[in-house]
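Undergrad: model this:
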Amino acid sequence: FAFVCSFEKLSKLYIRAREVSGGRSVLESDNFNLTEEMVESETRTNHLFWEQNTNEGFRSEGRKLSNIASRSFDYWCRVTRWTTGSSFFGLPLERHDAHPGWRYLAAVDPLEYVASFNDTIIGYMLPSVSIENWELIQQKLQSGEQTPIWIDIFHEANRRLAAGDVRGAHLDAAVSAEAFIRQKLMDSVAALPATETAIRKRIENWNMTDVLNKFGKISTLNSLGLDKEQLANLRSVFDIRNAIMHGRTVNMQEAELKATLKTIKVLIDS
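TA: Residues are numbered from 1 along each chain as shown. This is a model prediction of the structure:
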């Protein structure tokens, strides 16, 4: 439903939207003169609608609706990834082709059409979604819950790795882990008076390498229950992130990153 392609789809979308919100009339701010009878019959649709609306206005408002629909679909995908733990709902696994559609092969001299071909369409099977998860997804959507930033970035790291972008996946994995750990630390001092700004500033600027070195001595983090191997995975991904950001040559292993992503999943699910 991400794109509105015709007047019929657009007008029916308006009617349904108003039904859901408790009314059947189009708002004046929508810049449309639209009534339900305009969508009752396809033979009457164009005749009735275009008598009272301009093509320019239709296209302008159609683009606005399309943007709203796209953002809604993105929100649904993020909540679905969050609830199911599956990273690939709504995320492309392959790099985008800059030249989509049909390809043509021609001789240069003389310039003659020879043949055309189209790429193979690849479909991916995603894990099934349980009834319980569908219900949780609906609850989160209805209440307007937003996915934590570390959840979104964690799934993007998995998507990048699946697409072969190992460097990007390392960066996203480190950002996801840091965002979660830092939020945990900030939550631990949330009860302090608002005037206690120094300790909050200290946590905001605390170097993550130093945080990991003191992981077992910080009760909030120690309670997460990570073992030595999992802590080593986190140290590795932060070391690689720092090396990349400082322009140093670094050896990035896909297998090690997969192990680190498993550790981060344990971390953010805790």
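
Undergrad: switch to C-alpha atoms for all contacts and neighbour counts from now on
TA: OK.

Undergrad: what's the burial count for the spatially closest residue to residue 249 that is not a sequence neighbour?
TA: Counting by CA to CA, 6 or more residues apart in numbering, residue 243 is the residue found nearest to residue 249 once chain neighbours are left out, at 7.0 Å. By the criterion of other CA atoms under 10 Å, residue 243 has 14 neighbours.

Undergrad: Figure out the helix or strand that residue 243 lives in.
TA: helix 228-245 (DSSP states H and E).

Undergrad: And the lengthiest helix in the chain, what's buried?
TA: In the chain, with assignment by DSSP state H, the single longest helix is helix 55-84. Under the neighbour-count criterion of 16 or more other CA atoms under 10 Å, helix 55-84 has 58, 62, 65-66, 69, 74-84 buried.

Undergrad: Now do residue 190, the pLDDT please.
TA: For residue 190, the model assigns a pLDDT of 85.

Undergrad: number of nearby residues for it?
TA: Residue 190: 12 neighbours (other CA under 10 Å).

Undergrad: right, and the secondary structure at it would be what?
TA: coil (DSSP: H, G, I helix; E, B strand; the rest coil).

Undergrad: Please name the residues that touch it.
TA: Not one residue lies near residue 190 by CA atoms under 8 Å, 6 or more residues apart in numbering.

Undergrad: Quick check: phi and psi at it.
TA: phi -60, psi -30 (degrees, to the nearest 10).

Undergrad: And it, how far from residue 75?
TA: Computed as CA to CA, to the nearest Å, the residue 190 to residue 75 distance reads 28 Å.

Undergrad: Residue 157 too?
TA: Residue 157 is 18 Å from residue 75, by CA to CA.

Undergrad: likewise residue 170?
TA: Distance from residue 170 to residue 75, by CA to CA: 24 Å.

Undergrad: which residue is nearest the centroid of this protein?
TA: residue 78 (4.9 Å; CA atoms, centre = their mean).

Undergrad: which residues of this protein fall in strands?
TA: 103-107, 112-117 (DSSP state E).

Undergrad: In terms of mean pLDDT, which of those ranks lowest?
TA: strand 103-107 (a mean of 50).

Undergrad: Report the rounded mean pLDDT for stretch 145-159.
TA: Here the average pLDDT along stretch 145-159 is 94.

Undergrad: from here on, count from 620
TA: Fine by me, first position is 620 from now on; the one you just mentioned is stretch 764-778.

Undergrad: Show residues contacting that stretch.
TA: 697-698, 700-701, 705-707, 710-712, 787-792, 794-796, 798-799, 880, 883-884, 887.

Undergrad: name the helices or strands packed onto the helix holding residue 862?
TA: helix 785-807, helix 827-832, helix 873-888 (3 or more CA pairs under 8 Å, 6 or more residues apart in numbering; DSSP states H and E).

Undergrad: Buried residues, the shortest one. List them.
TA: In this case it means helix 827-832. Residues of helix 827-832 classed as buried by neighbour count (16+ other CA under 10 Å): 827, 830-831.

Undergrad: what does the longest one give?
TA: For helix 785-807, burial by neighbour count (16+ other CA under 10 Å) applies to 785-801, 804-805.

Undergrad: For stretch 834-852, list the C-alpha coordinates in CSV.
TA: Taking C-alpha atoms only, stretch 834-852 is exported to CSV below (Å, rounded to 0.1, in the frame of the first residue of the first chain):
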residue,chain,number,x,y,z
PHE,A,834,32.0,-4.2,32.9
GLY,A,835,32.1,-6.7,35.8
LYS,A,836,32.5,-3.9,38.4
ILE,A,837,29.4,-2.0,37.3
SER,A,838,26.4,-3.7,38.9
THR,A,839,23.9,-2.5,36.2
LEU,A,840,26.1,-4.1,33.5
ASN,A,841,27.3,-7.1,35.5
SER,A,842,23.6,-8.1,36.0
LEU,A,843,23.3,-8.6,32.2
GLY,A,844,25.2,-11.9,32.7
LEU,A,845,27.6,-11.8,29.8
ASP,A,846,30.4,-14.3,29.9
LYS,A,847,34.1,-13.8,29.0
GLU,A,848,33.7,-14.8,25.4
GLN,A,849,30.7,-12.5,24.9
LEU,A,850,32.7,-9.6,26.4
ALA,A,851,35.6,-10.4,24.1
ASN,A,852,33.2,-10.2,21.1
